[in-house]
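>>> sharing a sequence plus its predicted fold:
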Amino acid sequence: MKKYLLALVAVCSLTFSQAQTVVGDATLPNTMTVEGTNLVLNGAGMREKVIFDLYAGGLYLASKKSDAAAIVNADETMAMKLDIVSGMVSSKKMIGAVDDGFDASMNGDTSSLDAQITKFKGFFSDKIVKTNVFDISYVKGKGTVVSKNGKEVGMIPGLEFKKALFGIWLGSDPADDDLKEAMLGKN
């Protein structure tokens, strides 16, 4: 009986470990469902600043892809998961990083999306602490939905906003080159 119990525990442990990906101090699920669409972890990595880990980021798509421009421009349901692993990430710093990210993603001209960007930054106005998890999901036909720790904090309609937003991580001037490569499954 003990042998069967140990075998069962081993199989369950193996199955559980394969259902998640460890990135630094974060554990990201290998799959997630967004409004009825099953997504798989395309790739995951760590956002670093100087020598500090800030958050683990994972990109979820309906099927694995490595073409950043195609992903950014696709009108398909997809998501990013940001798992905060550092106490250095604050609301103020996240909002500043969002400003910098949109500026880089949109080649310095954010005027066409200023209202949406302001609304998006508001989703990060509550205190951010280590272990917070943000899901940034684009839902085809609806828009970008942001959740914090599983609770929806807001939505912004439009494919153009999604393109600029996902361009922060996957564009030609990404927030972190290594994280971009990791999200594309290239490392």
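Looks like it came in fine. Numbering: from 1, shown residues only.
>>> ranges for the helices of the chain?
Here the chain has its helices, by DSSP state H, at 2-18, 68-73, 91-105, 114-122, 159-170, 177-183.
>>> got the buried residues for the shortest one?
Within helix 68-73, the residues that qualify as buried by neighbour count (16 or more other Cβ atoms under 10 Å) are 68, 71-72. All C-beta atoms are positioned from the backbone trio N, CA, C, and that covers glycine.
>>> and for that helix, what's in contact with it?
42, 59, 61, 65, 78, 163, 166-167, 170-171, 180, 184 (Cβ atoms under 8 Å, 6 or more residues apart in numbering).
>>> centre-most residue in this protein?
What sits nearest the mean C-alpha location of the chain, by Cα atoms, centre = their mean, is Met80, with 2.3 Å.
>>> picking that back up, can you add pLDDT and neighbour count and give the contacts of helix 68-73 back as JSON lines?
Below are the contacts of helix 68-73 laid out as JSON lines (pLDDT from 0 to 100; neighbours: other Cβ atoms under 10 Å):
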{"residue": "Asn42", "pLDDT": "97", "neighbour count": "22"}
{"residue": "Leu59", "pLDDT": "97", "neighbour count": "28"}
{"residue": "Leu61", "pLDDT": "98", "neighbour count": "20"}
{"residue": "Lys65", "pLDDT": "96", "neighbour count": "17"}
{"residue": "Met78", "pLDDT": "98", "neighbour count": "24"}
{"residue": "Lys163", "pLDDT": "98", "neighbour count": "21"}
{"residue": "Phe166", "pLDDT": "98", "neighbour count": "24"}
{"residue": "Gly167", "pLDDT": "97", "neighbour count": "24"}
{"residue": "Leu170", "pLDDT": "97", "neighbour count": "23"}
{"residue": "Gly171", "pLDDT": "96", "neighbour count": "21"}
{"residue": "Lys180", "pLDDT": "96", "neighbour count": "23"}
{"residue": "Leu184", "pLDDT": "96", "neighbour count": "20"}
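>>> in this protein, which helix or strand is least confident?
One helix or strand of the chain scores below all others by mean pLDDT, DSSP states H and E: helix 2-18, with a mean of 42.
>>> my guess is Ile168 contacts Ser105. True?
Yes: with contact defined as Cβ atoms under 8 Å, Ile168 reaches Ser105; the gap is 5.0 Å.
>>> longest strand in this structure, please.
strand 37-49 (DSSP state E).
>>> burial of Trp169, as a residue count?
When neighbours are defined as other Cβ atoms under 10 Å, Trp169 has 25 of them.
>>> chain neighbours aside, what residue packs nearest to Gly43?
Gly185 (3.7 Å; Cβ to Cβ, 6 or more residues apart in numbering).
>>> what's the local residue count around the one you found?
Gly185 has 16 nearby residues by other Cβ under 10 Å.
>>> any low-confidence regions in the chain?
Scanning the chain for pLDDT under 70 picks out the ranges 1-18.
>>> since that was my last question, I'll sign off now.
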